[in-house]
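Q: predicted model, plus sequence, below.
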Amino acid sequence: MKLEVWGASKRDVRCPQCDQLKAHLDKQYAVYAFMDVDDYPHARQELGIRSIPVAILRNDDGSEAGRVVGFSADKKLAIDAFLEQL
């Protein structure tokens, strides 16, 4: 399984939840791929991304196994459940 995180990382675009999610994942020593939605504009439509951050858990075949939108205390539990599956 793989974890993808979609968000914004450029200096001129502020995304505090993206920063918090990345910090949480880094603190957990998680391996994940971070993609900036501005670098992949087609991804917003293809993946149905309407708000960021979005954490997508993928099976080895690339299919989506789960998704968490946003980052807050309750979403942190869902993210941690994803990490247990990696």
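A: Arrived safely, thanks for sending.
Q: going by C-alpha atoms from here, please, whenever you check contacts or count neighbours.
A: OK.
Q: from Leu83, how far out is Glu64?
A: 15 Å (C-alpha to C-alpha, to the nearest Å).
Q: so between those two, which is more surrounded?
A: Set Glu64 next to Leu83 and count neighbours by other C-alpha atoms under 10 Å: Leu83 wins out with 19 against 15.
Q: pretty sure the more buried one sits in a strand.
A: No - applying DSSP: H, G, I helix; E, B strand; the rest coil, one finds Leu83 to be helix, outside a strand.
Q: measure the residue nearest to it when sequence neighbours are not counted to Leu3 for me?
A: What sits nearest to Leu83 in space, not counting adjacent residues and going by C-alpha to C-alpha, 6 or more residues apart in numbering, is Ala30, at 7.0 Å. Applying C-alpha to C-alpha, the value for Ala30 to Leu3 is 9 Å.
Q: how about His42?
A: Distance of His42 to Leu3, computed by C-alpha to C-alpha: 19 Å.
Q: look at those two and report which has more neighbours.
A: In this view His42 and Leu3 are compared by other C-alpha under 10 Å, and Leu3 has more residues nearby, 23 against 11.
Q: that one sits in which helix or strand?
A: Using DSSP states H and E, Leu3 sits within strand 2-7.
Q: and the contacts of whatever helix or strand comes next after that strand?
A: The C-terminal neighbour of strand 2-7 among helices and strands, as given by DSSP H and E, is helix 16-27. Outside helix 16-27, the residues that touch it by C-alpha atoms under 8 Å, 6 or more residues apart in numbering are Gly7, Ala8, Ser9, Val31, Ile52, Pro53, Gly70, Phe71, Ser72.
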